[in-house]
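Visitor: take this sequence and fold it.
(one chain, ligands or ions: 1)
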Amino acid sequence: TVHERPDTFHDNDQKPVGHGRMLRKEDPRFLRGRGRYVDDVQLPGMLHLAILRAPVAHARILGIDTSAAEASPGVKAVVTGAMLAEQNLAWMPTLSNDVQAVLATDKVRFQGQEVAFVVADDRYAARDALELIDVEYDVLDPVVDARRALEPGAPLIRDDLEGKTNNHCFDWETGDEAATEAVFGRADVVVSQDIVYPRVHPAPMETCGAVADFDAVEGKLRLWSTTQAPHAHRTLYAIVAGIPEHKIQVISPDIGGGFGNKVPIYPGYVCAIVATIVTGKPVKWMEDRSENLVSTGFARDYIMRGEIAATLDGRILAIRTNVLADHGAFNGTAAPVKYPAGFFGVFTGSYDIEAAYCRMTAVYTNKAPGGVAYACSFRITEAVYLVERIVDCLADELGMDPAELRLKNFIRPEQFPYTTKTGWVYDSGNYEPTMRLAMDMAGYDALRREQEEKRARGELMGIGIAFFTEAVGAGPRKDMDILGLGMADGCELRVHPTGKAVVRLSVQSQGQGHETTFAQIVAEEIGIPPADIDVVHGDTDNTPFGLGTYGSRSTPVSGAAAALVARKVRDKARIIASGMLEVSVADLEWEKGAFLVKGDPGKTVTIQEIALRAHGAGDLPEGIEGGLESQICYNPSNLTYPHGAYICVVDVDPGTAQVKVRRFIAVDDCGTRINPMIIEGQVHGGLTDGVGMALMEMIAFDEDGNCLGASLMDYLIPTALEVPDWETGFTVTPSPHHPIGAKGVGESATVGSPPAIVNAVVDALKPFGVRHADMPLTPSRVWDAMRGNARPP
Ligand code: CDP
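Guide: From the prediction side, this is the model:
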């Protein structure tokens, strides 16, 4: 169901970008099974690589005997950390200025860590040989619980770092501590709540992998890899491996979902590169499902204390939080350098408050590295969960309706651009209409009446609300970079003589439909139909430099680049048209696809005719070169701040504690909408992710550090059975600084849905005096909460 509220549209934004809900150009190949993924790459003479992983979480390596594996049939090479160390390749930088072992040399630091690899004629021979490698481990006590990582006497994990004597990773703070303290001191009501966002995993359908092919004659490395950031990866490979950057081609073909999992550089990619150089043959590495779940970038793992101060009549004054962040064995967080806690600073939410403060400590534990932005703009999911949970706790304390409390405290439309108490400048927003539309769609008052009647009968029905503001589109290069690379995006547009065009992007799609929406953006600006515009992406030899796709940055950054490059081409086309029509440039009017002479609409040239003239015979206006193409590097002036109002209705079975999500209403505002169908798809996927996190998903460990979520039998992800028919709606508040007013949307639903669902479950459990229960709200957790035994994960 799609609802819309036309009266919240702004002038000129009545409609989505031209061609609106057009079907996805990429789908014919996906639907026919003709997508070309990394594992589809077959090269002549290709060898296969398999990785031996640590069976324990923390152990010293006393010795590795590879002789039996080397003698195994079909084996071409067996490589250990010690061998890599001889080439100075045993360690690599992470995206957070830490280092991570490519293959363990001294110790293993998490279960599933890479210890050695085998290259063989086929995948089976490689895997069989792994079992013949004999590693002698001296098992050490692991640190599993982040709360104990800094205790005196805790086992030291990172003894590879010089002078390191404890498991401290970093400290970070934001906001004004003293001002916040003062506001808390004079508040009528203070509520505090411990809240855990457990470790979850992005679990993309396609696992990670690479095919590396080094051509010693050309001196060129070709790497097909599952990466969300081909250009940034190429630069890092050049730095680490010492291969000149122009001699490396990173190709990221069709990608089966990324969700942040494919941002980091994994040891497997580096091993494949080493293997092709050592063997002189192309080498393929594809991890299996368990390897993906156990060893690649996790998300969240924040242990938070939230505090909120308010007046008795429900005016929120301040929010304060203390966070313990579990970063695993190596800090593999992918976030702009200045933001070790990502964009967690937006924990003040959508509310106009007087003061805010956050203090965070991050620690190392014997768990897989990561801290990736799983369908989230760098820790915004954690921030939104914190604020939306704590606001509900306040509503409970005050005996106020949670919708009313939110409406009372929203930043008002006239306050935008709004600078938050932690220094974020929200570009635009109009929150109340979005909230009211969600409430209308839900039939909020009727739902509350239904709930009252059901409670009287002992039935457990809950209504949960979440309202979020996201910060997406990293980011302005004055303060955002990843390992020194500014977060701008290039774009190149070429119009061929026949008027067909190619647009080359620096971002890389993992299923979001960029081949369609970027064609739509360019089509809207230059009037060539989207079917005549090819979108090229995911190949560093054939696209301009840029930082890739994550944190919903494609539309805010690269989408802006696409619109602006098309405008540059249009400007040139205008000059050529003036020559063709023999009038001055000022006498021309643009009407999508053609220039007309003002006052003489019969005199016109189409963009296709201009393209032919640009490449054809005959003179061009003075100073104009032939051809019709341009390129740009776009540096955004700010992030974009989409918002949304979500309402969830759940029923909890009092006998089994099973939660059923009965209804879910999601109203999103992502500014100008390019393709409403694709947006709905993005929202549906994100909401489904939210059901998973709220009710099912957690990467748990036993006390020895064994990962308990190593397969999809143990790590549950949602299916069509667990989700309702989504009810989506939208409002449109354009971004004032984006050329077409668009904001990102890809992650909004993942960010906004977990608090709505948890708030609904807690609301259902109100008759039991429950104010909070931690995710995932499995039947046993809910059962415990009903019995007053809620415990943190
Ligand atoms: O960076 P990523 O592509 O993951 O996220 P996004 O920029 O939010 O875009 C996700 C998909 O939704 C893309 O195909 C966008 O073009 C589309 N979209 C849209 O149609 N209108 C918007 N205002 C935002 C995104």
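
Visitor: the helices in the stretch 601-750 of the chain, which residues?
Guide: Per DSSP state H, counting those that start in this stretch, the stretch 601-750 of the chain carries helices over the ranges 607-615, 676-695, 748-764.

Visitor: highest mean neighbour count out of those?
Guide: The highest average neighbour count among those, using mean count of other Cβ atoms under 10 Å, belongs to helix 748-764 at a mean of 30. (Each C-beta comes from the backbone N, C-alpha and C, glycine too.)

Visitor: state the next helix or strand along the chain beyond that helix.
Guide: For helix 748-764, the following helix or strand on the C-terminal side (DSSP states H and E) is helix 779-786.

Visitor: in that next one, what's buried?
Guide: Residues 781, 782, 785, 786 are the ones in helix 779-786 that count as buried (16 or more other Cβ atoms under 10 Å).

Visitor: so which of the residues you listed comes closest to residue 543?
Guide: Using Cβ to Cβ, residue 781 comes nearest to residue 543 of the buried residues of helix 779-786, at 46.0 Å.

Visitor: from memory that closest one sits against residue 774, does it?
Guide: Yes: checked against Cβ atoms under 8 Å, the pair residue 781 and residue 774 is within contact range at 7.1 Å.

Visitor: who wins for proximity to residue 210 among the helices of the stretch 601-750 of the chain?
Guide: The nearest among these, by Cβ to Cβ, is helix 676-695 at 25.5 Å.

Visitor: how far does the closest one sit from the chain's center?
Guide: With Cα atoms, centre = their mean, to the nearest Å as the basis, helix 676-695 stands 13 Å off its chain's centre.

Visitor: next, the angle from that helix to helix 748-764.
Guide: 40 degrees (axes from the mean of the first three to the mean of the last three Cα atoms, to 10 degrees).

Visitor: point out the residues in this protein that sit beside the ligand.
Guide: For the chain, the residues in contact with the ligand (Cβ under 6 Å from any ligand atom) are 512-514, 517, 549, 552-555, 670-675, 678-679, 682, 742-746.

Visitor: for residue 304, list each beta-bridge partner.
Guide: Beta-bridge pairing of residue 304 under DSSP bridges involves residue 195, residue 323.

Visitor: mind listing what it touches?
Guide: Residues near residue 304 by Cβ atoms under 8 Å, 6 or more residues apart in numbering: 194, 195, 196, 197, 321, 322, 323, 324, 382, 386.

Visitor: name only those of those residues that count as buried.
Guide: Applying 16+ other Cβ under 10 Å to the contacts of residue 304 flags 195, 196, 197, 321, 322, 323, 324, 382, 386 as buried.

Visitor: what about the fourth one, which SS state?
Guide: In other words, residue 321. Three-state call for residue 321 (DSSP: H, G, I helix; E, B strand; the rest coil): strand.

Visitor: OK, contacts around it?
Guide: So residue 321 contacts 304, 305, 306, 307, 347, 357, 358, 359, 386 (Cβ under 8 Å, 6+ apart).

Visitor: now do residue 35
Guide: Residue 35 sits in contact with 29, 254, 256, where contact means Cβ under 8 Å, 6+ apart.
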